[in-house]
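**Q** predicted model and sequence follow; I will ask about them next.
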Amino acid sequence: MSIDGRPPAPLMSNPRADRVRDVAKLAGRPARLKTGRFVAEGPQAVREALLSHRDDVENGGPGVVLEVFATEACLDRLPELAELASDVTLRLATDEVIGAMATTISPQGIVAVCRIAEYDLDDVLASGARLIAVLCEVRDPGNAGTILRAADSAGADAVVLTASSVDIHNPKAVRSTAGSLFHLPVVTGVEFDFLMSAFRAHGLTVLAADGYGSVDLDRLQDESALRRLAPATSEEADGGDAPNAAVEPSQPRLENSTAWLFGNEAQGLSKTQLAEADYRVAVPVYGRAESLNVGTAATVCLYASARAQNR
């Protein structure tokens, strides 16, 4: 078989070959830190990685994808993946080789070795970011991936993971993002104090998602809708509020540029983190559940801001 018109390379058939082992090692954090690489598994993640790679190269960047390994059956089933991989190294491999490279039981015949993109927080903020999701010591890769995917869906400008948070390039985290990892800047390993200083320097309101918060998210959404729907007045033009849409001085506006803080799954946000936030916002629970999973709460909060900012 010729891939995209290129001469076929020898089929990779030895699951114990050094190259296969090198790729498999990227499942571990030490190898990722040493090489600056990680693995994307499955057609969805690889497709999004290749699309991001194409855009980056067109904009003069180094690209995202370094190598793609796929079975012939996968490329026959999804020929567009071979087309997208036309400018990267693409190797045919057996199911056994793909299985040895991947961490999932069924990697669906394709994996990609990708470059870990590095983003500078100041550059992200200087670009005019209006909505940022911050993971404060979130340790579960599934939750981290869910929040990143929610941030992408809500149109957030970036995701930030503080020091002690999970490695977002962990295989489970990468799978949980469903390709969103390749759609927006992800800043990792940021110290919390530095993060707060940077947010304030750029004028972002910092909201802490806290089940015991004194500010009700539903009320913030109602007030945002009233401001949007109420007729404008001269007072509003001068910086005041529209009729029937008054906001107490202690209430934030969801329309403003915002950084949301989401805490650890077990302990939530620490006292220090809560104290540094401008407001503590609670997602109301109307049923009998004790609380919301951090991924679910993050989705609700991010969409509340996105709706206010985009209407």
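**A** Arrived safely, thanks for sending.

**Q** doesn't V159 fall inside a strand?
**A** Yes: counting by DSSP: H, G, I helix; E, B strand; the rest coil, V159 is found in a strand.

**Q** surely it is in contact with L131?
**A** No: using CB atoms under 8 Å, V159 is not in contact with L131; the gap is 10.2 Å. For every residue, glycine as well, the C-beta is placed using N, CA and C.

**Q** of those two, which one has the most company?
**A** Per other CB atoms under 10 Å, whichever of V159 and L131 has more neighbours is V159, with 28 against 23.

**Q** can you tell me how far that one is from Q221?
**A** Distance from V159 to Q221, counting by CB to CB, to the nearest Å: 22 Å.

**Q** thinking again about what came up before, which residues are in contact with both of V159 and L131?
**A** Common neighbours of V159 and L131, using CB atoms under 8 Å, 6 or more residues apart in numbering, are A151.

**Q** pretty sure I132 belongs to a helix, no?
**A** No: judged by three-state DSSP, I132 forms no part of a helix; its state is strand.

**Q** OK, contacts around it?
**A** I132 sits next to V124, A156, D157, A158, V159, V160, F199, L204, T258, A259, W260 when contact means CB under 8 Å, 6+ apart.

**Q** including pLDDT, could these go into a markdown table?
**A** Shown next, in a markdown table, are these (pLDDT from 0 to 100):
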| residue | pLDDT |
| --- | --- |
| V124 | 96 |
| A156 | 98 |
| D157 | 98 |
| A158 | 98 |
| V159 | 98 |
| V160 | 98 |
| F199 | 97 |
| L204 | 97 |
| T258 | 98 |
| A259 | 98 |
| W260 | 98 |
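
**Q** for the residue lying closest to L292 once chain neighbours are set aside, give me its contacts.
**A** Once flanking residues are discounted, L292 sits nearest to V283: 6.0 Å by CB to CB, 6 or more residues apart in numbering. For V283, the contacting residues are A209, G211, L217, L292, A297, V300, C301, by CB under 8 Å, 6+ apart.

**Q** okay, and which of those residues map to helices?
**A** Using DSSP state H, the members of the contacts of V283 that fall in helices are L217, A297, V300, C301.

**Q** next, give me the two most distant ones among these.
**A** Greatest spacing in those, by CB to CB: L217 and A297 (9.4 Å).

**Q** out of the two, which sits in the busier spot?
**A** Set side by side, L217 and A297 show more neighbours around A297, with 25 against 20, by other CB under 10 Å.

**Q** F192 is in contact with E276, correct?
**A** Yes: the criterion here is CB under 8 Å, and E276 meets it with F192 at 7.4 Å.

**Q** picking that back up, from L254, how far off is the residue nearest to L292?
**A** Distance from V283 to L254, by CB to CB: 13 Å.

**Q** now do D210
**A** 16 Å.

**Q** just the strands in the stretch 51-200 of the chain please.
**A** Secondary structure of the stretch 51-200 of the chain by DSSP state E, counting those that start in this stretch: the strands cover 65-70, 89-92, 110-115, 131-135, 158-162, 186-190.

**Q** okay, these, which one's buried deepest?
**A** For the strands of the stretch 51-200 of the chain, the largest average neighbour count (mean count of other CB atoms under 10 Å) is found in strand 131-135, namely a mean of 28.

**Q** would you mind writing the CA trace of it as CSV?
**A** The C-alpha trace of strand 131-135 is given here as CSV (Å, rounded to 0.1, in the frame of the first residue of the first chain):
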residue,chain,number,x,y,z
LEU,A,131,-12.7,33.7,29.8
ILE,A,132,-10.2,31.4,31.5
ALA,A,133,-10.7,28.2,33.4
VAL,A,134,-8.2,27.5,36.2
LEU,A,135,-7.7,24.0,37.7
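
**Q** strand partners (parallel or antiparallel) of it?
**A** Sheet pairing of strand 131-135 (DSSP bridges) gives strand 158-162 (parallel), strand 258-262 (parallel).

**Q** what about that strand, average pLDDT?
**A** Averaging pLDDT along strand 131-135 gives 98.

**Q** so that strand versus strand 186-190, what angle?
**A** Note on geometry: by axes from the mean of the first three to the mean of the last three CA atoms, to 10 degrees, strand 131-135 and strand 186-190 are set 40 degrees apart in direction.

**Q** which of the contacts of I132 lies closest to R77?
**A** Taking CB to CB as the measure, R77 sits nearest to V159 out of the contacts of I132, at 31.9 Å.

**Q** low-confidence ranges, the stretch 1-150 of the chain, go.
**A** Residue ranges of the stretch 1-150 of the chain with pLDDT under 70: 1-8.
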